[in-house]
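Peer 1: Make a model of this:
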Amino acid sequence: MSAVAGAERRLLLLTALRWLPVGVTLGLTVLLPLERGLTIAEIGSILAIQGFVALALELPTGALADTLGRRPVLAASGVLAVASGVLFLVADSYALFAVSLLLQGAFRVLDSGSLEAWFVDAVHEQDPRAEVARPLARAGTVLGVAIATGALLGGLLVSWHPLRAMSALVLPLLVSIGLYALYTALVLVLVHEVRPADAAPVRPLAVLAAAARTTPRTILTGLHRAVRSRVLAGLVLVEVFWSVAMIAFETLTPLQLEVILGGEAAAAAVFGPASAAAWGLFALGSLLAARLSGVIGVAGTAIVSRILNGAFVVLMGLASGVAGLLIGYGLTYLAHGSAGPMHSALLHREADRSTRATILSLNSMVSGGAYSVGLLVLTAFAGASSAAVATVVAGSFSILGAACYLPALRQERRWKQALTAS
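Peer 2: Below is the predicted model:
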């Protein structure tokens, strides 16, 4: 087995273990605090804490991964995931839930982009010109399958409820904590970073001090590259439009179901299995994108996926019944899964080893900021009009983001022409 194939297998295994517990606990971040006496407003505010932490720390932690290394940052994120899960499990007050979500926000920003960055670096150590779009698409497929599998597993664990002395919501949380612990252990075993043969022995405190000194410079370097590169600026700007679409199919869909079915319980009963099916289609979309990119290119596939994703969101808003809404919902995730790995591959083309995680974090920071602002605007608009109308507006707006890929498309065509000429 080649080193490149070995790195890909490690990427796929770690991606599966990273996202399986996310599927297992889908919905429990809201349901457990509600069960333990928090109001909906309080739950919303603790979820906002996680978002604000992620927004504040996204770039610094990306820079930390570029300066300190991917492996220690990934291991630290796993430890925080376990700590956050344990605290969330035992929390019985607003303060404890808030601290748990704060730790979860820190875990997510440390994790953001680091595994991908390690994989791309490992591949480029062997072949600096290797194309990573297809393996990243396969990782997207694994991600979707893992969340879908986890969602089904979580539902089965709640229905099984063998721990009768405790809430039915406890067992899925225990399983997710165990999965995060396993993921952390495997990161330490499977993620290896190449160090020069003549490099001095690693002294953790000295490395942390050096990382603290160089992190601000790394952040400025990543921001400078985004400002100077029309291609990178366009890719990051795509996230503004994409995030608005995600609000529609992640947040407004349950509201549409509640209106159509006439109750929250009925909407929840339908939305759970629909989410598992949608993530399965997400995985299929990633797989199809890998094939399509070989025909029309990575940038072309990204453009098609972005247009289709927005169009299917519009279809969801126009649907008048459950069947139409869920068909649109599934197709939206199909295009969502197709767009993700292509967008990542285009970002990696604009990065190098010294700024790769920083650029990925810059992309995530813009996505998170746009999502937070868009959430406030769209939910207010949905309240003033309807969830369906807000969904149509969100989908229509998100289609415009396809134009932001045009600089990347032109660059890709120039590269192909240069290769043909040579």
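Peer 1: Show me which residues of the helix or strand hosting Val175 are buried.
Peer 2: Assigned by DSSP states H and E, Val175 belongs to helix 170-190. Buried positions in helix 170-190, judged by neighbour count with 16 or more other C-beta atoms under 10 Å: 170-177, 179-181, 183-184, 186-187, 190. The C-beta positions use only the backbone N, C-alpha and C, and glycine is treated the same way.
Peer 1: Remind me what it packs against, helices and strands.
Peer 2: helix 3-24, helix 28-35, helix 70-90, helix 133-160 (3 or more C-beta pairs under 8 Å, 6 or more residues apart in numbering; DSSP states H and E).
Peer 1: Pick out the shakiest of those helices, pLDDT-wise.
Peer 2: Across the helices and strands packed on helix 170-190, helix 28-35 has the smallest mean pLDDT, namely a mean of 77.
Peer 1: mind checking how far Ile46 is from Ser176?
Peer 2: Note on Ile46: its distance to Ser176, by C-beta to C-beta, to the nearest Å, is 18 Å.
Peer 1: Out of the buried residues of helix 170-190, which comes closest to Ala323?
Peer 2: Looking at those and their distance to Ala323, the nearest is Pro172, at 29.3 Å (C-beta to C-beta).
Peer 1: about what we covered before: can you redo the helices and strands packed on helix 170-190 as JSON lines, where the extra columns are mean neighbour count?
Peer 2: Shown next, in JSON lines, are those (neighbours: other C-beta atoms under 10 Å):
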{"stretch": "helix 3-24", "mean neighbour count": "20"}
{"stretch": "helix 28-35", "mean neighbour count": "18"}
{"stretch": "helix 70-90", "mean neighbour count": "21"}
{"stretch": "helix 133-160", "mean neighbour count": "22"}
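Peer 1: Same list, those helices, but as TSV with distance to Ser386 please.
Peer 2: Formatted as TSV, the helices and strands packed on helix 170-190 follow (distance: least, C-beta to C-beta, whole Å):
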stretch	distance to Ser386
helix 3-24	30
helix 28-35	22
helix 70-90	34
helix 133-160	27
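Peer 1: closest to Val123 out of these?
Peer 2: Comparing those under C-beta to C-beta, the one sitting nearest is helix 3-24, at 5.4 Å.
Peer 1: who does that closest one touch, helix- and strand-wise?
Peer 2: helix 114-126, helix 133-160, helix 170-190.
Peer 1: Could you tell me the angle between the first one and helix 3-24?
Peer 2: This points to helix 114-126. Inter-element angle recorded for helix 114-126 and helix 3-24: 170 degrees (by axes from the mean of the first three to the mean of the last three C-alpha atoms, to 10 degrees).
Peer 1: Now helix 114-126: average pLDDT?
Peer 2: Mean predicted confidence for helix 114-126 is 87.
Peer 1: residue ranges of the helices in the stretch 251-400 of the chain, please?
Peer 2: For the stretch 251-400 of the chain, the helices defined by DSSP state H, counting those that start in this stretch cover 253-261, 264-296, 298-318, 322-349, 356-384, 387-399.
Peer 1: Would you tell me which of those helices gets closest to Pro72?
Peer 2: helix 356-384 (12.3 Å).
Peer 1: what pLDDT, on average, does the closest one get?
Peer 2: On average, helix 356-384 scores 79.
Peer 1: Okay, angle between it and helix 253-261 too, please.
Peer 2: 30 degrees.
Peer 1: What are the buried residues along helix 356-384?
Peer 2: Quick answer for helix 356-384 (16+ other C-beta under 10 Å): 356-372, 374-375, 378-379, 381-382.
Peer 1: What residues does His161 make contact with?
Peer 2: Applying C-beta atoms under 8 Å, 6 or more residues apart in numbering to His161 gives the contacts 168, 171.
Peer 1: ok, now how distant is it from Gly37?
Peer 2: His161 is 21 Å from Gly37, by C-beta to C-beta.
Peer 1: starting at the chain centroid, how far to the helix or strand hosting Val53?
Peer 2: Per DSSP H and E: Val53 is located in helix 40-68. Centre-to-centre, helix 40-68 and its host chain are 13 Å apart (C-alpha atoms, centre = their mean, to the nearest Å).
Peer 1: same thing with stretch 37-55?
Peer 2: Remark: stretch 37-55 is offset 19 Å from the chain centroid, using C-alpha atoms, centre = their mean.
Peer 1: Just the CA trace of it, in PDB.
Peer 2: Only the C-alpha atoms of stretch 37-55 are listed here, as PDB (Å, rounded to 0.1, in the frame of the first residue of the first chain):
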ATOM      1  CA  GLY A  37     -35.500  22.600  33.100                       C
ATOM      2  CA  LEU A  38     -33.900  25.200  30.800                       C
ATOM      3  CA  THR A  39     -36.200  27.400  28.800                       C
ATOM      4  CA  ILE A  40     -36.000  27.600  25.000                       C
ATOM      5  CA  ALA A  41     -34.600  31.100  25.300                       C
ATOM      6  CA  GLU A  42     -31.900  29.900  27.700                       C
ATOM      7  CA  ILE A  43     -31.000  27.000  25.300                       C
ATOM      8  CA  GLY A  44     -30.700  29.500  22.400                       C
ATOM      9  CA  SER A  45     -28.300  31.600  24.400                       C
ATOM     10  CA  ILE A  46     -26.000  28.700  25.400                       C
ATOM     11  CA  LEU A  47     -25.900  27.600  21.700                       C
ATOM     12  CA  ALA A  48     -25.000  31.200  20.900                       C
ATOM     13  CA  ILE A  49     -22.000  30.900  23.300                       C
ATOM     14  CA  GLN A  50     -20.600  28.100  21.300                       C
ATOM     15  CA  GLY A  51     -21.000  30.200  18.100                       C
ATOM     16  CA  PHE A  52     -19.300  33.200  19.600                       C
ATOM     17  CA  VAL A  53     -16.400  31.100  20.900                       C
ATOM     18  CA  ALA A  54     -15.900  29.600  17.400                       C
ATOM     19  CA  LEU A  55     -16.100  33.000  15.800                       C
END
